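*Asks:* What would the 3D arrangement of this be:
(chains A and B)
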Amino acid sequence: MQKLREEIGKVLAPLVEMETSQVLELLEVPPEPEYGDLAFPCFTLAKKMKKPPPAIAAELGDKLSGQKGWLWEKAEPRGPYLNFYIAPKNYSFEVLKKVWEEEEQYGHTNIGNGQNVTIDYSSPNIAKPFGVGHIRSTVIGHSLYLIYRALGYSSIGINHLGDWGTQFGKLIVAFKHWGEEGKLQEDPVDYLYRLYVQFHQEVEESPELDDEARSWFKRLESGDQEAVSYWEHFKKLSLEAYASIYSRLGIEFEYYHGESHYNQMLDRVINLVQEQGITKESEGALIVDLEPYDLPLVMLRKKDGATLYITRDLAAAIYRKETFDFARSLYVVGAEQTLHFQQLFKVLELLGFEWASNCVHVPFGMIRFKEGRMSTRAGKIILLEEVLDRAVEMAREIIEEKNPDLEDKVSAAEAVGLGAVRFGDLSNDRVKNIEFDWEKVLDFSGETAAYIQYAHARICSIIRKAGPDLFAWDDNAASLLEKEEEITLVKTLAQLPEKVFDSAESYKPSILARYLIDVAREFNRFYHNCPVLSSEPETQQARLLLINATRQVLANGLGLLGIVAPEEM
RNA sequence: GCGCCUGUAGCUCAGGGGAUAGAGCACCGGAUUCCUAAUCCGGGUGCCGCAGGUUCAAUUCCUGCCAGGCGCACCA
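*Replies:* Down below sits the predicted model:
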């Protein structure tokens, strides 16, 4: 908790002849609770004071012996550290009061000060089914969207649909050769997907199909009527299919600016790069040589005149800056595209845009099978919808078994099932690959969303039973907590704001996800050792305030992960 | 060949310049006259990939190597 740090910083600064801010940077949380709650390491002072660290710690301990502050009650040296111990009652009071007052705003701040952050996420390729692989960008990006908003930024979600490029040439060719409109209408995305797979099979035998596809894409780019109408048709049908997944997951975007959105800007962008004098003609194509920067060259225009992915990304970046004047621009895109973004950002830099340094690629690992990677082309893929459906179904079975009297099983199963899938993607470091395993997807035990949701639901149940009369703020009760389980829980609750901040700064919702597991765990320990409703009136009041604060932290935290916190399950 | 990422307990993974390296799963054993046992408690495991280097201190930072993943001009 910030207040505690500041209090200790102020006390310590004059004693060690440092700025308060320097002291604050050094303060760290000890590895064991018995070593106190905040420690000042004396190593860096050793040189300056020409004394061994333990001697310094001891000396500081002497100077502070018998002293205490509002939020801390003693400072003790231990080895090279000076350990501060919180004053449990005051500390609990402060934490509970803050959560009580801020409610759903607890954990939020205003450091973003209304600045815009654009977040490019989800961005599926039209005409390809929404596979489990797509969930990573969607879910991580959306969580960052929510987290940045909680920090006072104005988040702008952009779905950079893959709605342009040679794949449309392929699709048009496939549809013209083998397609049937009737089947397309039945299940558009699935059918387009099958055509796409078929194209890649046939191309093995007939390589000329590739040229045909390229030429159709070229026609599309030059506005050919027939090509455009195919494209519009495919796009419309795909978008309708994606809409249902997004609505089920509660995901929204400010803009659906796909790649095609930037078509009119491409000439201007290419001119801009040419004016900068960094382009070259090579084998008929227009390229930017990045060799001086140890990067492979970038191609802006193919020899047939058609543009490429990076051309449109360049246009998109500039468009986003001009339109939204972002403070940061995030690209939540798979790690396999790291090089692409290095090139993109380098070209922006060469164009003289100093805001290039505010563009951030937020990479993540891929979801793979044990046997190897998933492949849309080869048809080796698992549909996200199937994953969601099976997870919800499994949740439903467990509810049926554990809580057969529950009224609204449908909502609870949806919350738990979808939560499990999302949490699976959010809880581990995003850069790591994930091995897809049905057993893990459908396992709701251990460190999962259900663990957190269950803690939330139990708290709601206790609060319901307590009734509204028992449940009100009480200055006196708020400072009655003293049992170890209570204090540990309070300390954990106090960490939410810093966890939210850390998640944003490192672009890692996993920090928040892991923290919520800690909160739920500490709550469970408390729950098993400290009865709420059957305790003495004053204790009961204190514990109600504590569990309500816990409920709030869990709800706020899950909210930032895009996961529903059910009141019953 | 070059570049980027990853390597921690049987498995899946946290953590991270310093105080005894942690969880979950799995396995074994315990807890429910009491707020939902989707819970809790107990039981044991680690050359933190290998080798050097920087440092008072390295599992953490740097370099090299090994293993796996990903990428490297007309795909996105």
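
*Asks:* Would you mind listing what in the stretch 101-250 of chain A touches RNA strand B?
*Replies:* A:Asn125, A:Gly162, A:Trp164, A:Gly165, A:Thr166, A:Gln167, A:Arg214, A:Phe217 (Cβ under 7 Å from any atom of the strand). For the C-beta atoms, the positions are set from N, CA and C on the backbone; glycine is no exception.

*Asks:* Of these, which belong to strands?
*Replies:* In strands, defined here by DSSP state E, there are no members of these.

*Asks:* Going by neighbour count, which of the residues you listed comes out on top?
*Replies:* Comparing these by number of neighbours (other Cβ atoms under 10 Å), A:Phe217 comes first, having 26 neighbours.

*Asks:* Closest residue of chain A to RNA strand B?
*Replies:* Residue nearest to RNA strand B within chain A (Cβ to the nearest atom of the strand): A:Gly446, separated by 2.2 Å.

*Asks:* can you give me the mean pLDDT across the helix or strand hosting A:Ile547?
*Replies:* Assigned by DSSP states H and E, A:Ile547 belongs to helix A:537-561. The average pLDDT within helix A:537-561 is 96.

*Asks:* same check, this time on stretch A:141-156
*Replies:* Mean pLDDT, stretch A:141-156: 98.

*Asks:* what comes into contact with it?
*Replies:* Stretch A:141-156 is contacted from outside by A:107-122, A:157, A:249, A:251, A:254-255, A:324, A:326-327, A:330, A:332, A:362, A:426, A:500-501, A:503-504, A:507, A:509, A:512, A:559-562, using Cβ atoms under 8 Å, 6 or more residues apart in numbering.

*Asks:* List the buried residues for that stretch?
*Replies:* Residues of stretch A:141-156 classed as buried by neighbour count (16 or more other Cβ atoms under 10 Å): A:141-151, A:153-156.

*Asks:* sorry, back to before: ok, of the residues of the stretch 101-250 of chain A next to RNA strand B, which one's closest to A:Val421?
*Replies:* For those, the residue nearest A:Val421 by Cβ to Cβ is A:Asn125; the value is 21.0 Å.

*Asks:* Just read off the phi/psi values of A:Pro30.
*Replies:* With angles defined as degrees, to the nearest 10, A:Pro30 shows backbone torsions of phi -60, psi 150.

*Asks:* Now the residue lying closest to it once chain neighbours are set aside: which helix or strand?
*Replies:* The spatial neighbour of A:Pro30 that comes closest, neighbours along the chain excluded (Cβ to Cβ, 6 or more residues apart in numbering), is A:Ala39 at 4.7 Å. Using DSSP H and E, A:Ala39 maps to strand A:38-41.

*Asks:* Break chain A down into its structural domains.
*Replies:* Residue ranges for each domain of chain A read A:2-86, A:116-263+A:324-373, A:385-561, as given by automatic domain parsing.

*Asks:* okay if I get those domains as JSON lines plus distance to A:Asn271?
*Replies:* Putting the domains of chain A into JSON lines (distance: least, Cβ to Cβ, whole Å) gives the following:
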{"stretch": "domain A:2-86", "distance to A:Asn271": "48"}
{"stretch": "domain A:116-263+A:324-373", "distance to A:Asn271": "11"}
{"stretch": "domain A:385-561", "distance to A:Asn271": "33"}
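
*Asks:* ok, back up a step: restricted to strands, list the buried residues of stretch A:141-156.
*Replies:* Those of these mapping onto strands are A:Ser154, A:Ser155, A:Ile156, per DSSP E.

*Asks:* which one among those residues gets closest to A:His528?
*Replies:* A:Ser155 (39.1 Å).

*Asks:* what is that closest one paired to in the beta sheet?
*Replies:* Here A:Ser155 sits in beta bridges with A:Val117, as judged by DSSP bridges.

*Asks:* which regions of chain A sit below the pLDDT cut-off?
*Replies:* Counting by pLDDT under 70, chain A shows no low-confidence range.

*Asks:* Near RNA strand B, which residues of the stretch 401-550 of chain A are found?
*Replies:* Counting by Cβ under 7 Å from any atom of the strand, the stretch 401-550 of chain A comes close to RNA strand B at A:402-403, A:412, A:416, A:428-429, A:431-435, A:440, A:443-447, A:450-451, A:454, A:457-458, A:460-462, A:465, A:510-511, A:514, A:517, A:521, A:524-525, A:527-528, A:530-534.

*Asks:* how about the helices in the stretch 401-550 of chain A?
*Replies:* Using DSSP state H, counting those that start in this stretch, the helices of the stretch 401-550 of chain A run over residues A:409-426, A:438-441, A:449-470, A:475-478, A:484-493, A:496-506, A:509-529, A:537-561.
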